[in-house]
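J.: Fold the following, please.
(chains A, B, C and D)
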Protein chains: 2
Amino acid sequence: MVSSAFRRVATSSVEDLPGGPRGYLVLVAVASGEPPSQLALARQVNLDRTVMTYLLDDLEARQLITRRPDPRDRRARQVLITEEGRAHLERTQQSLSIAEARLLADLDEHDARQLRLLLTRVAQTAQREALTPEADC
Amino acid sequence: MVSSAFRRVATSSVEDLPGGPRGYLVLVAVASGEPPSQLALARQVNLDRTVMTYLLDDLEARQLITRRPDPRDRRARQVLITEEGRAHLERTQQSLSIAEARLLADLDEHDARQLRLLLTRVAQTAQREALTPEADC
DNA sequence: TATTGTTATACTCTATAACTATA
DNA sequence: TATAGTTATAGAGTATAACAATA
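T.: Numbers count the residues shown, from 1 in each chain, chains lettered A, B, ... in the order given. Just a heads-up that it's a prediction; the model follows:
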């Protein structure tokens, strides 16, 4: 229930972004560090490179990102965030914080910290499990 | 991350069930109490009645449920779980418990209880929010 | 020959509407 | 006329494979 509630709340925060949650993850990935290639992005966000093409087409049409050939490897393209993209990203992140706060409204500061701590520990377990998904069942 | 890890782990537990997670929810709903109509089931699991038809077709083909006309209203059909369906459901539930335990492996009994408690409180908040989804900024 | 990105095709899922049989 | 269930159709989303450019 918590998971689906979070999804619902978060989805509404990113729904005016091309690609929804995916568009958001891509913007986050592009916003920091070296401009990644499309393939690197696809792996980072766990998307097929063909749908990454469509997604970037949409983001570029809305002028949130731009593409340019990588001077070191002209097969690849560097993906860069625009001013508009960065502004849009910040608005989305604010909206997400508000949504999260509303979800945790009934927890005081101590309990909220406790929950984040426990979830972080579970997340670490989950990440280790993710390395050996075949072990399932 | 926890949410998607849980989804992945849970999905693997129900993947041999027609309809996957949905098939599981339907089996759970059918397993207890009065045999529900297809429409009641659809509402309970939050599915369209047309896809419920397909889903029940698949579950019936695998002999996990049966349908029979409701004697009180011959437009409606009662959905019943079979012996095989009940056995399959129990196996799935065991698999889900094991999956959950693996996800919480790094938490001792006290921490696990604490996490369930906090999540329950958040779930209650979420349920209240669900009643007024239009309030989503 | 392998890799990045693009495009085309097919396939699955979902949503909508039309249909039947009952009420 | 309205409702339970079914079926048909169309649309969106996704995956696969083929292609061009470059390494």
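J.: Every contact and neighbour count from this point should use C-alpha atoms.
T.: Noted.
J.: Quick check, pLDDT for residue A:137.
T.: pLDDT for residue A:137: 17.
J.: Please disregard the earlier target; I meant residue A:133.
T.: pLDDT, residue A:133: 38.
J.: Doesn't residue A:57 belong to a helix?
T.: Yes. Counting by DSSP: H, G, I helix; E, B strand; the rest coil, residue A:57 is part of a helix.
J.: any idea how far it is from residue A:23?
T.: As judged by C-alpha to C-alpha, to the nearest Å, residue A:57 and residue A:23 stand 11 Å apart.
J.: Which one of the two is surrounded by more residues?
T.: residue A:23 (23 against 16; other C-alpha atoms under 10 Å in any protein chain shown).
J.: Quick check: residues of chain A near DNA strand C?
T.: Residues of chain A lying close to DNA strand C (C-alpha under 7 Å from any atom of the strand) are A:37-40, A:49-54, A:75-78.
J.: at 6 Å instead, please
T.: Within chain A, the positions near DNA strand C by C-alpha under 6 Å from any atom of the strand are A:37-39, A:49-50, A:53, A:75-77.
J.: Please list only the buried members of these.
T.: Buried members of the residues of chain A next to DNA strand C, counted by 16 or more other C-alpha atoms under 10 Å in any protein chain shown: A:37-39, A:76-77.
J.: Would you mind finding the longest strand in chain A?
T.: strand A:73-81 (DSSP state E).
J.: re earlier: what's the most distant pair in the residues of chain A next to DNA strand C?
T.: A:50 and A:75 (15.2 Å; C-alpha to C-alpha).
J.: so where's chain A uncertain?
T.: Scanning chain A for pLDDT under 70 picks out the ranges A:129-137.
J.: Walk me through the domains of it.
T.: A:2-106, A:108-137 (automatic domain parsing).
J.: hang on, isn't residue A:122 packed against residue B:104?
T.: Yes. Shown here, residue A:122 and residue B:104 form a contact pair, counting by C-alpha atoms under 8 Å, at 6.1 Å.
J.: More neighbours: which of those two?
T.: More crowded of residue A:122 and residue B:104, by other C-alpha under 10 Å: residue A:122, with 24 against 21.
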